[in-house]
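>>> Sequence and predicted structure, then a few things I'm wondering about:
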Amino acid sequence: MTITRVSPDFSASSQIAADDVAEIAALGYRSIMCNRPDGEAADQADAAEIRAAAERAGLGFAHVPVVSGAITGDDVDDFRAALAALPGPVFAYCRSGARCQNLWRLAVG
């Protein structure tokens with residue numbers, strides 16, 4: 001897990017596992033957002049698995065799946081809405097973290 005702080009209230013990371021959620025909570029994040037479609041790679045944890053771990057840790061969660069390299073206006077709108085609904089700071093993840101950062105820049109930056 002490589003974390004990039006994009007703003008005081010938003011950070012992005014590469015793919016996480018359910019076991020990482022406790023560390024994410026300990027770092028002070030209040031929500032997790034997944035920007036990766038389920039099944040994008042055979043070795044990734046499904047969003048439902050991360051959601052369950054986040055809920056057990058008392059964190060908010062949103063799944064805004066976006067196809068890598070194909071961000072649409074609807075994707076940006078969905079990202080913006082999820083970001084507004086989640087308590088911050090928000091920890092977002094995808095395959096490498098770049099998709100999350102690009103979405104943030106398009107929605108907020």
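Nice, I can see it.
>>> Mind listing what's buried along stretch 71-82?
By neighbour count with 16 or more other CB atoms under 10 Å, stretch 71-82 contains the buried residues 71, 75-76, 78-80, 82. To be clear about C-beta, it is placed using only N, CA and C from the backbone, and glycine gets the same treatment.
>>> Keeping just the C-alphas, turn the longest helix belonging to the chain into CSV.
The longest helix of the chain (DSSP state H) is helix 73-85. Written as CSV, here are the backbone C-alpha positions of helix 73-85 (Å, rounded to 0.1, in the frame of the first residue of the first chain):
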residue,chain,number,x,y,z
GLY,A,73,-18.3,12.8,-17.2
ASP,A,74,-20.7,10.6,-15.3
ASP,A,75,-17.7,9.0,-13.5
VAL,A,76,-16.6,12.4,-12.4
ASP,A,77,-20.1,13.3,-11.2
ASP,A,78,-20.4,10.0,-9.3
PHE,A,79,-17.0,10.6,-7.7
ARG,A,80,-17.9,14.1,-6.7
ALA,A,81,-21.2,13.0,-5.1
ALA,A,82,-19.5,10.2,-3.2
LEU,A,83,-16.7,12.5,-2.0
ALA,A,84,-19.3,15.0,-0.7
ALA,A,85,-21.3,12.3,1.1
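>>> so how far is stretch 6-14 from its chain's centroid?
9 Å (CA atoms, centre = their mean, to the nearest Å).
>>> mean confidence score for that stretch?
Stretch 6-14 shows an average pLDDT of 97 in the prediction.
>>> For residue 35, grab the count of nearby residues.
For residue 35, the count of nearby residues is 29 (other CB atoms under 10 Å).
>>> wouldn't it be in contact with residue 65 here?
Yes: if you go by CB atoms under 8 Å, residue 35 and residue 65 touch, sitting 6.8 Å apart.
>>> Please, which helix or strand holds the nearest residue to residue 19 once chain neighbours are set aside?
Leaving aside its sequence neighbours, residue 19 sits nearest to residue 53 (CB to CB, 6 or more residues apart in numbering; 7.9 Å). Counting by DSSP states H and E, the element that carries residue 53 is helix 47-56.
>>> For that helix, which residues meet the burial criterion?
Applying 16+ other CB under 10 Å to helix 47-56 flags 47, 50-51, 53-54 as buried.
>>> Cool, thanks, talk later.
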